[in-house]
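Asker: Here is a sequence with its predicted model. Questions after.
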Amino acid sequence: MTQPEQILRFLLDLVPWISAYLVISLSLNLEYGFGGIPNFGKVLCVTGGAFLVGALPGQLIVMLYGFGEELNYFDNHAQIMPKVNEVLARDPLLAMSLMLFSLVAAMLVGAGLGLLSSIPAVRLKEEYLAMTLLAMGEILILIGDNYKNLIGGTLGVFVPSFFGWIPVANRGYVLAGFLTLLAFLTFVFVELLTRSPYGRLLKSIRDDEVLAQSLGRDTVSVKRKTIIIAGALAGLAGAMLALNSGAVNAKNYSRANHTFIPWVMVIVGGAGNNLGTAIGVILFMVGSRLIDVFKRELGAFLPFDVIWLTPILLSTSLLLVMFFRPTGILTEKRVKTLSSRELDNLKESVKANR
């Protein structure tokens, strides 16, 4: 394999991971960076979205076409899934419609889990809220690992091949482009939301909740809506991870990978700054994938096992940022307010135009 081909293969592997983690980190930045909500249970909504994509679309195809009804979907998963993929490969419209339906359903599941997690979120202080959300994030993973009829228990399930109608040589490009489009649309949505009056209200609650309440703002409702929106985005990210990996297993989702790592990405990039969050995601994912590619070469120079290099660099980068640039690589953008003189001039111009 030539060097350009190796670089292209590396990028095709890297881009989907960046896209999925960007959506996770943007949802966390919406909660914590702009709203001050310490969600340490981000894995809950991510896992919910992934479980939905693993459990629902394949069974819908079985129900629509009537094959495999006499068999248990999870007990005979290896025999049923090739038939499901054959149906999707013959009907591109069905495949794309089912995929979009699954993504929307994953967002609804994420929003529902966000609503569930918002019940304690609006009543607990930060430290108790963080512990509660952390525990809730582990519950769904345990259920998925032990209850077979959700995602096949310990064996997991395959995700239907929604792009099976595309030639194999082009399938990776299409998947990477589609996930990149989803990540870009999510970035635009979060950016527009945080620049809107709702975003300014969210930051005012983060900075001084008592002051916002004294001005008649329903801070409980705003927090709940924010957690629900962020949950929907996290559910979308879980679906993106499932599409990329092609399979769903509860053991692949953990608080380390889907809660703590996004936290580091947001803090290193810059909480309250969506572009900074994107930079944090890109830097960490590029570094992590490069370590995976060159782990054999790096192992010869390390006094410890190379598998520990990624968490060591992660923790080191976090410490360096917290010591020397606690606001992150890109600080939060300050909203410029009008001076008293500018306000007086604006009033005069309005009176003159009446």
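Answerer: Yes, it's here.

Asker: where do the helices sit along the stretch 251-354 of the chain?
Answerer: With DSSP state H, counting those that start in this stretch as the criterion, the stretch 251-354 of the chain has helices at 255, 261-269, 274-293, 295-299, 309-324, 340-353.

Asker: so where do the strands sit in the stretch 51-200 of the chain?
Answerer: Counting by DSSP state E, counting those that start in this stretch, the stretch 51-200 of the chain has strands at residues 157-158.

Asker: quick revisit: for Ser19, which of the helices of the stretch 251-354 of the chain is the nearest?
Answerer: helix 274-293 (9.2 Å; C-beta to C-beta). (C-beta placed from N, C-alpha, C; glycine too.)

Asker: what's the average pLDDT for the closest one?
Answerer: Averaging pLDDT along helix 274-293 gives 90.

Asker: and that helix, what does it pack onto?
Answerer: Counting contacts by 3 or more C-beta pairs under 8 Å, 6 or more residues apart in numbering; DSSP states H and E, helix 274-293 packs against helix 3-28, helix 168-195, helix 261-269, helix 309-324.

Asker: Need the contact partners of the third one.
Answerer: Applying C-beta atoms under 8 Å, 6 or more residues apart in numbering, the set of residues contacting helix 261-269 from outside is 21, 24-25, 28-29, 32-33, 40, 42, 276-281, 283-284, 314, 317-318, 321-322, 328-330.

Asker: quick one: buried residues of stretch 194-211?
Answerer: Thr194, Tyr198, Gly199, Leu201, Leu202, Lys203, Ser204, Ile205, Arg206, Glu209 (16 or more other C-beta atoms under 10 Å).

Asker: Quick check: the second one vs Gly49, distance?
Answerer: Looking back up the chat, that one is Tyr198. Distance, Tyr198 to Gly49, using C-beta to C-beta, to the nearest Å: 23 Å.

Asker: Going through the contacts of helix 261-269, which ones are buried?
Answerer: Neighbour-count burial (16+ other C-beta under 10 Å) is assigned, among these, to 21, 24-25, 28-29, 32-33, 40, 42, 276-281, 284, 314, 317-318, 321, 328-330.

Asker: ok, now which ones touch the closest residue to Asn249 other than its chain neighbours?
Answerer: Leaving aside its chain neighbours, Asn249 sits nearest to Gly156 (3.2 Å; criterion: C-beta to C-beta, 6 or more residues apart in numbering). By C-beta under 8 Å, 6+ apart, the residues touching Gly156 are Gly54, Ala247, Val248, Asn249, Ala250, Lys251, Asn252.

Asker: pretty sure the third one contacts Pro57?
Answerer: Right, the one you point to is Val248. No: applying C-beta atoms under 8 Å, one finds Val248 not in contact with Pro57, separated by 11.2 Å.

Asker: list the residues that contact both of those two?
Answerer: Joint contacts of Val248 and Pro57 (C-beta under 8 Å, 6+ apart) are Val159.

Asker: For the two, indicate the residue with more neighbours.
Answerer: Remark: of Val248 and Pro57, Val248 carries more neighbours, 26 against 21, as counted by other C-beta atoms under 10 Å.
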